[in-house]
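Participant: structure of the sequence below:
(chains A, B, C and D)
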Protein chains: 2
Amino acid sequence: MSPNYFQQYQDADMDELADVIGDLLQNPITVEDADHKLIAYSSHGDSTDQARWSTIMGRRVPEKVLTRLWKDGVFQELLTQDDPVHIPAKDEVGLGKRVAIAIRRGNDVLGYIWAQEVNRPITRDDDEILRQAAKAAVSRLIQRQGKRKAEEQRRKEFLWELLLGNHHSEVIIRQKAESLQMHLAPSYLICIIEAAGLRLDQYLYPLLMRDKLFWVVDGPQIILLIGLTEPKKEKSNVLIRKVEQFLSDSLGKLETYVSVGQVIAGYGRGYKSYTEIVKSYQEALHAVKIKKLFPREIAGIHGYHELGIYRYLLKCKQWDEEQGYENERLEVLKQYDRDNQTAMQETLETFLDAAGKVNVTAQRLHIHINTLSYRLRRIEEIMQVDLENMNQRTSLYLELKMAKLNEEQ
Amino acid sequence: MSPNYFQQYQDADMDELADVIGDLLQNPITVEDADHKLIAYSSHGDSTDQARWSTIMGRRVPEKVLTRLWKDGVFQELLTQDDPVHIPAKDEVGLGKRVAIAIRRGNDVLGYIWAQEVNRPITRDDDEILRQAAKAAVSRLIQRQGKRKAEEQRRKEFLWELLLGNHHSEVIIRQKAESLQMHLAPSYLICIIEAAGLRLDQYLYPLLMRDKLFWVVDGPQIILLIGLTEPKKEKSNVLIRKVEQFLSDSLGKLETYVSVGQVIAGYGRGYKSYTEIVKSYQEALHAVKIKKLFPREIAGIHGYHELGIYRYLLKCKQWDEEQGYENERLEVLKQYDRDNQTAMQETLETFLDAAGKVNVTAQRLHIHINTLSYRLRRIEEIMQVDLENMNQRTSLYLELKMAKLNEEQ
DNA sequence: CTGCTATTTGTGAAAATCCACAAACGAACT
DNA sequence: AGTTCGTTTGTGGATTTTCACAAATAGCAG
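Facilitator: Have a look, this model is predicted:
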């Protein structure tokens, strides 16, 4: 029966606890939370390695160290077992030999304790010390997590305020962000992912963490603030590429759980001023709305700036309704289809979607090219239009898509 | 020296005067105004012909009689000479033999006196009676014309009220129209013709009379209420055809005075309820506005319903401005043109106007077809667009036309 | 059943489009 | 002067489009 090493230190804070562990193991100790942010470290370790030094200075474990440890399966081990993991030195990332253990409550990992092996080797005999240390750290980390949750909550509330346009001063926004420890990227956009019946934040958690995004959940939607961390490039392309990459990752992941088409994503334009976040949000909402209305037409498109005519469609429709404008031409064609059980409207739409290429149209409709040609001639007669005229062709295209808004709902 | 036949009847009204003339010539007399509306007729003519009977019953000379008299050159004679014109019988239109004289002041013809030859022949000896009768009628017709002018004025004011949407009750509109002797057609539309520096009502007077239109003049514009007199056909086509015919006549006439393109015309949709006249007017105004902005694009088009995409263009533009949307793609192309002194934008516009037909485009631009193909490839690279994609092609088309709104003003 | 009409499919030839490649040209730069 | 680059024009051949005409099919009314 081993002694209870930490009984007498129940009132000690995390830093004192690190010192106690360090004394017991005679080696430098570092304590991190689940996100690898530095929580505490033993103070009288005289010698240390590059990795620990960087961690303490940056208040977080360096990215390249984390990447390496993930790659080598160290975290996988830590996440799945209660016992300490002995890690050989990885000189390429400045990491000396050390032992680590996860601080966990039930299945949740709250953080990690790292003991560097520099003054003396750490053997299996020391494992019990680390196990007890991890247990002793739990209550302190839960407290800390509570604080973080509250802070996270305040951040989300602030993001909602921004999304709803409650703030009008850039300066005040930046001040408040600073106070909430939110690092606002110099250029950003709002992206929305929607999937009915899925707790999106849970499924996407790893990706959200990876890209350090701010987000809020609104019913079936998750609303993401995506920014460029490096302000070097001015090109808006970079931001677009980042969000497309993120969507590619997320949708790929989500579509393993729900069928394709059940997941919808859209994003607004990129802005620099955070007073305009409400615009990017509205644009993202618009994009999502349109994607629901025209899933086939703009499959694979997520950006508001890529919507093309569909960006105007709802407005135009609305305007038509306001002034009681009806498209008699299209109505005539529909009536013809009903009367003769033909598919003129479908033919026209396919033809227009194919940008007037007859062979493409004929293929898509599975009809002979001359049948198509005949139908197009009939359509021109029935509707009294000239399909060679770009103005007429374009307005027909718009009207056709507008008409679909009525049909499909 | 012949006697002064009418000296003693200076206070007599027009009907009494007709009786006096009838007594002198021993024949039935009819007096009409310039528009062939019945003004007065002698009462104790016992026998008469079909034409006179119809004129009195209908309070206007029947159309077919007028047509025939125009065709036979009778009116041409009456309009150009002061003397009575002796007219042989025209049995096909129920017109017996008669003599007519114009009532004129200076060059203006105020009306006509008709003397039917039924009781006794009217000879050259009676000409002096008719000459004096015409002279005697002048003052009375001027008075009458004054009244008509006032009534005309009230009609125009009423039309303005309708155009501006001041009336909301169909019943009241019809009552007021009735009281103003305005026969409202069962279906109508508003047409506007505009030509700077031309008194349009003067130039178009014959046409306006021919079609019995109501109209008001507003600066350089004349606003016409065009209706279908025969309510038999329900087809809106008939109305459209009528206005197109009218415009063809009017513009043809006007363009002999001013250069083509200086005259602009547009018309709204057809309606049945006169509470909607304001809509037709607004649509006509919109059509005129668009025709000024895009003279080349919609040359030969006048109807609001034919505007196609141009109907939406201003709204879309306005919306873009409201939400601060800028077309970076197009701007990039323009910049390229400026930098390299190329004509990519023009090329793109011509290509789109030609609905993507390369040979048409190349011809219009006077370039080799391969040059065009090269330019299109470059445009796709520069703008990062896919011209084969109908959505992109259409939105480019819209954006291009919208951009022209900025450039040309 | 028999015309009648609208629709679909087939054939073939002329016209247009697309594509790859090459040559010529002019402006800018070294 | 020579080089480079973007642009224009030319050539030839495969592919697509367009058009006219004919034949087959299906639905419908007398």
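
Participant: what ranges do the strands span in the stretch 1-150 of chain A?
Facilitator: Using DSSP state E, counting those that start in this stretch, the strands of the stretch 1-150 of chain A run over A:29-33, A:38-41, A:85-87, A:98-105, A:108-116.

Participant: can you check the stretch 151-300 of chain A too?
Facilitator: Assigned by DSSP E, counting those that start in this stretch, the strands in the stretch 151-300 of chain A fall at A:188-195, A:214-218, A:221-227, A:263-267.

Participant: and the longest one, what other elements does it pack with?
Facilitator: Contact analysis of strand A:188-195 by 3 or more CB pairs under 8 Å, 6 or more residues apart in numbering or on different chains; DSSP states H and E lists helix A:200-210, strand A:221-227, helix A:236-254, strand A:263-267, helix A:277-293 as its packing neighbours. (Glycine included, C-beta is placed from N, CA and C.)

Participant: give me the beta-bridge partners of the closest residue to residue A:72 other than its chain neighbours?
Facilitator: Nearest non-adjacent residue to residue A:72, counting by CB to CB, 6 or more residues apart in numbering or on different chains: residue A:90, 7.5 Å away. Taking DSSP bridges, one obtains residue A:95 as the residues bridged to residue A:90.

Participant: surely residue A:90 and residue A:67 touch.
Facilitator: No: contact between residue A:90 and residue A:67 fails when scored by CB atoms under 8 Å: they sit 11.1 Å apart.

Participant: compare neighbour counts for those two and give me the winner.
Facilitator: residue A:90 (17 against 11; other CB atoms under 10 Å in any protein chain shown).

Participant: need the pLDDT of the more buried one.
Facilitator: pLDDT for residue A:90: 93.

Participant: and the gap between the closest residue to residue A:47 other than its chain neighbours and residue A:27?
Facilitator: In this structure, residue A:47 finds its nearest non-sequential neighbour in residue A:118, 5.4 Å apart by CB to CB, 6+ apart. Relative to residue A:27, residue A:118 is positioned 6 Å away (CB to CB, to the nearest Å).

Participant: looking at the two, which has the bigger crowd around it?
Facilitator: The residue with more neighbours, out of residue A:118 and residue A:27, is residue A:27; 24 against 19, by other CB under 10 Å.

Participant: OK, contacts around the more buried one?
Facilitator: Neighbouring residues of residue A:27 by CB atoms under 8 Å, 6 or more residues apart in numbering or on different chains: A:45, A:115, A:116, A:117, A:118, A:119, A:120, A:122.

Participant: kindly report the same for residue A:87.
Facilitator: Under the criterion of CB under 8 Å, 6+ apart, the neighbours of residue A:87 are A:69, A:74, A:95, A:97, A:98, A:99, A:100.

Participant: just put the residues you listed in a markdown table and tack on pLDDT and distance to DNA strand D.
Facilitator: Shown next, in a markdown table, are these (pLDDT from 0 to 100; distance: CB to the nearest atom of the strand, whole Å):
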| residue | pLDDT | distance to DNA strand D |
| --- | --- | --- |
| A:69 | 91 | 46 |
| A:74 | 91 | 49 |
| A:95 | 93 | 46 |
| A:97 | 94 | 53 |
| A:98 | 95 | 53 |
| A:99 | 96 | 58 |
| A:100 | 96 | 54 |
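
Participant: of the residues you listed, closest to residue B:20?
Facilitator: Ranked by distance to residue B:20 (CB to CB), the contacts of residue A:87 are led by residue A:69 at 124.4 Å.

Participant: what is the neighbour count of the closest one?
Facilitator: As a measure of burial, residue A:69 has 23 neighbours, counting by other CB under 10 Å.

Participant: and the lowest-mean-pLDDT helix or strand in chain A, what does it pack onto?
Facilitator: Across the helices and strands of chain A, mean pLDDT, DSSP states H and E gives its lowest value to helix A:200-210, namely a mean of 83. When contacts are defined as 3+ CB pairs under 8 Å, 6+ apart, helix A:200-210 sits against strand A:188-195, strand A:214-218, strand A:221-227, helix A:236-254.

Participant: CA-only coordinates of the last one in PDB, if you can.
Facilitator: It stands for helix A:236-254. What follows is helix A:236-254, C-alpha atoms only, in PDB (Å, rounded to 0.1, in the frame of the first residue of the first chain):
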ATOM      1  CA  SER A 236      -9.400  37.800 -50.500                       C
ATOM      2  CA  ASN A 237      -8.700  34.500 -52.200                       C
ATOM      3  CA  VAL A 238      -6.900  33.200 -49.100                       C
ATOM      4  CA  LEU A 239      -9.900  33.700 -46.900                       C
ATOM      5  CA  ILE A 240     -12.100  32.000 -49.500                       C
ATOM      6  CA  ARG A 241      -9.700  29.200 -49.800                       C
ATOM      7  CA  LYS A 242      -9.600  28.700 -46.100                       C
ATOM      8  CA  VAL A 243     -13.400  28.600 -45.700                       C
ATOM      9  CA  GLU A 244     -13.700  26.200 -48.700                       C
ATOM     10  CA  GLN A 245     -11.100  24.000 -47.100                       C
ATOM     11  CA  PHE A 246     -12.900  24.000 -43.900                       C
ATOM     12  CA  LEU A 247     -16.200  23.200 -45.600                       C
ATOM     13  CA  SER A 248     -14.700  20.500 -47.600                       C
ATOM     14  CA  ASP A 249     -13.400  18.900 -44.300                       C
ATOM     15  CA  SER A 250     -16.600  19.500 -42.400                       C
ATOM     16  CA  LEU A 251     -19.000  18.400 -45.000                       C
ATOM     17  CA  GLY A 252     -16.900  15.400 -45.800                       C
ATOM     18  CA  LYS A 253     -17.100  14.400 -42.200                       C
ATOM     19  CA  LEU A 254     -20.700  15.200 -41.700                       C
END
